[in-house]
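Visitor: build me a structure from this.
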Amino acid sequence: MGVIREKKNHEDTILFLRQIPDDFDLFIRPYPADRGWNLAKMLQDAKIQFAVDDFSQNSLFHMGQRKLVVINKACTGFLETLAANVPTVVFHSLEPAVFRQEALPYIKKLESVGIFCTNPVSAAKHVKQVYPDVESWWNQPEVQEARQEFIYQYARLSQNFLKDWKQEFRRVLKEN
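Guide: Numbering: from 1, shown residues only. Now for the predicted structure:
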């Protein structure tokens, strides 16, 4: 499943990039471990001309420098950008094995405001639509509400994280 999914992620990334105009300021940061897929060559063969990261800076630095971050799978980077309130679009399949059932209402809400897309073509369409004024889209109350509800459940930040974790562990232990 992992090998098939990885190949699909690369194919989806190329499909997404083919939909994006060349004059968009895109910066591609592939997963650091290429695992033999040679994404750089795949991009070159597909005649994708956007800049590719050389990993000289950490990902959070680059994400903070971007007008919009697009992520090709629901992963840690997606949680980090949403928690940091960085304008983000993620595309990922809604295959049953990807998300727990209780997460689906939150994902569906992200989908309804354009943060989550179920395929690379719909993601590209949305990016092209919001790209001229990302801030206006991102700061809409319904977009921020969906983001905040999601991060409260799945990427919550806290100044008192040790206390919060202790309370949560105690709660779970009491239930069991």
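
Visitor: thought residue 69 was touching residue 82?
Guide: No: with contacts defined as C-beta atoms under 8 Å, residue 69 does not count as touching residue 82, sitting 9.6 Å away. For glycine as for every other residue, the C-beta is placed from the backbone atoms N, C-alpha and C.

Visitor: just for this protein, where's the confidence low?
Guide: In the predicted model of the chain, residues 1-7, 27, 29-37, 50-66, 96-97 satisfy pLDDT under 70.

Visitor: quick one: the helices in it?
Guide: For the chain, the helices defined by DSSP state H cover 2-19, 39-45, 59-64, 76-83, 104-112, 120-130, 134-138, 141-154, 161-175.

Visitor: could those helices be laid out in CSV, adding distance to residue 90 and mean neighbour count?
Guide: Compiled in CSV, the helices of the chain are given as follows (distance: least, C-beta to C-beta, whole Å; neighbours: other C-beta atoms under 10 Å):
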stretch, distance to residue 90, mean neighbour count
helix 2-19, 11, 16
helix 39-45, 18, 14
helix 59-64, 12, 14
helix 76-83, 5, 19
helix 104-112, 8, 16
helix 120-130, 8, 18
helix 134-138, 14, 15
helix 141-154, 11, 15
helix 161-175, 25, 9
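
Visitor: next, format the ones you listed as TSV and append distance to residue 91.
Guide: Formatted as TSV, the helices of the chain follow (distance: least, C-beta to C-beta, whole Å):
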stretch	distance to residue 91
helix 2-19	7
helix 39-45	16
helix 59-64	16
helix 76-83	10
helix 104-112	10
helix 120-130	4
helix 134-138	16
helix 141-154	16
helix 161-175	30
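
Visitor: residue 93: which of those helices is closest?
Guide: With C-beta to C-beta as the measure, helix 2-19 is the member of the helices of the chain nearest residue 93 (8.1 Å).

Visitor: re the thing from before, overlap in contacts of residue 69 and residue 82?
Guide: residue 88 (C-beta atoms under 8 Å, 6 or more residues apart in numbering).

Visitor: for the residue nearest to residue 17 when sequence neighbours are not counted, give me its contacts.
Guide: Nearest-residue entry for residue 17: residue 48, 4.8 Å, with adjacent residues in sequence omitted and distances by C-beta to C-beta, 6 or more residues apart in numbering. Residue 48 is in contact with 14, 17-18, 28, counting by C-beta under 8 Å, 6+ apart.
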